[in-house]
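Trainee: got a sequence here, can you model it:
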Amino acid sequence: MSPQARARALLAQPGAWLDRLGEAWLVRPGTDRRRRPLLRLDAGVARALQREPGLLPRAGGGWVLAGQDDGGGPGRMLQHDTRTGPDGRQAIVTVNRGESPIAWLARRKGPDGRPFLEPMEVAAAERLRDDVEQAAMGGRVTMDWSATPRDRAARGPGLLPPAGAARRRVRQALAAVGPGLSEVLVEICLYGSALRAAERSLGLPSRTGKERLKLALERLSQHYRMV
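Mentor: Reported below is the predicted structural model:
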């Protein structure tokens, strides 16, 4: 049995979930992190599980297999879809038919009773995610979006293909937001992680990710000239 098949079988058990500890991915049998993990995975197997059958943010942090979410946090329904790009080519991409983490946070209110996220911040997040989905049509769905972007001059008079242009827009947007904040956008807007899962993945103190996300979306909306 391959590591991916074994991981899928273990994660299908009641209460099992996927945790991330540094560079290691752990299949845990329950909520008690002191218990010995059922399986240790490398990043390649974790990415394969994210593509098929899909991973959903878990309310207490971490991820569960698609279709076995414990009901907390934003809902995601991952499906394969055929998209036609502006160049007329078709590609199979993984899309989210459920509620995005940003949409879930947008329905939450702050202590003053006002929505936590402003409409322009939600719009900026969705614009970034649209670019990510378009970039994925180019085939590089597992690229490291957190890498430091580089501004390069255009090579020749021709235009970039749609997926390449989308990748450039994503990198420019993350560069505008800046280090220390762009990582939160990568986890929540691009990877679809729940807030607590993003905090754990980035090693942030509990309850600090929300304010970082707010500030990151403010900068993102400024980059898109929405304010």
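Trainee: residue 54: neighbour count?
Mentor: Look at residue 54: counted by other C-beta atoms under 10 Å, it has 20 neighbours. For the C-beta atoms, the positions are set from N, CA and C on the backbone; glycine is no exception.
Trainee: which parts of this protein are strands?
Mentor: With strands called from DSSP state E, the chain shows them at 17-21, 24-28, 39-41, 55-57, 63-65, 78-84, 90-96.
Trainee: what lies in contact with the third one?
Mentor: It refers to strand 39-41. Under the contact criterion C-beta atoms under 8 Å, 6 or more residues apart in numbering, strand 39-41 has outside partners 3, 6, 7, 10, 18, 24, 25, 26, 27.
Trainee: in its sheet, what does it sit against?
Mentor: strand 24-28 (antiparallel) (DSSP bridges).
Trainee: which phi and psi values does residue 224 adopt?
Mentor: phi -80, psi 0 (degrees, to the nearest 10).
Trainee: find the nearest non-adjacent residue to it, please.
Mentor: Ranked by C-beta to C-beta, 6 or more residues apart in numbering and with sequence neighbours excluded, the top spatial neighbour of residue 224 is residue 124, at 5.3 Å.
Trainee: and what of residue 11?
Mentor: Per C-beta to C-beta, 6+ apart, closest to residue 11 is residue 65, 4.7 Å.
Trainee: buried ones in stretch 39-51?
Mentor: By 16 or more other C-beta atoms under 10 Å, the buried positions in stretch 39-51 come out as 39, 41, 45, 46, 48, 49, 50.
Trainee: check stretch 101-115 too.
Mentor: 101, 102, 104, 105, 106.
Trainee: in helices, which of the residues you listed fall?
Mentor: Secondary structure from DSSP state H places 101, 102, 104, 105, 106 of those in helices.
Trainee: and the residue nearest to residue 11, bridged to which residues?
Mentor: residue 55.
Trainee: narrow the buried residues of stretch 39-51 to those in helices?
Mentor: Per DSSP H, the buried residues of stretch 39-51 map to helices at 45, 46, 48, 49, 50.
Trainee: could I get those in CSV, plus columns for distance to residue 163 and pLDDT?
Mentor: Formatted as CSV, those follow (distance: C-beta to C-beta, whole Å; pLDDT from 0 to 100):
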residue, distance to residue 163, pLDDT
45, 26, 88
46, 24, 86
48, 21, 84
49, 24, 85
50, 19, 80
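Trainee: how about the residues you listed in TSV, adding distance to residue 132?
Mentor: What follows is those, written out as TSV (distance: C-beta to C-beta, whole Å):
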residue	distance to residue 132
45	22
46	18
48	19
49	19
50	14
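Trainee: which strands or helices does the longest helix seen in the chain pack on?
Mentor: Taking DSSP H as the criterion, the chain has its longest helix at helix 119-136. Packing contacts for helix 119-136, counted by 3 or more C-beta pairs under 8 Å, 6 or more residues apart in numbering; DSSP states H and E, involve strand 90-96, helix 101-106, helix 162-177, helix 209-223.
Trainee: nearest to residue 61, of these?
Mentor: Closest to residue 61 of those, according to C-beta to C-beta: helix 209-223, at 11.1 Å.
Trainee: just checking, what packs against the closest one?
Mentor: Using 3+ C-beta pairs under 8 Å, 6+ apart as the contact test, the elements touching helix 209-223 are helix 119-136, helix 162-177, helix 182-185, helix 195-202.
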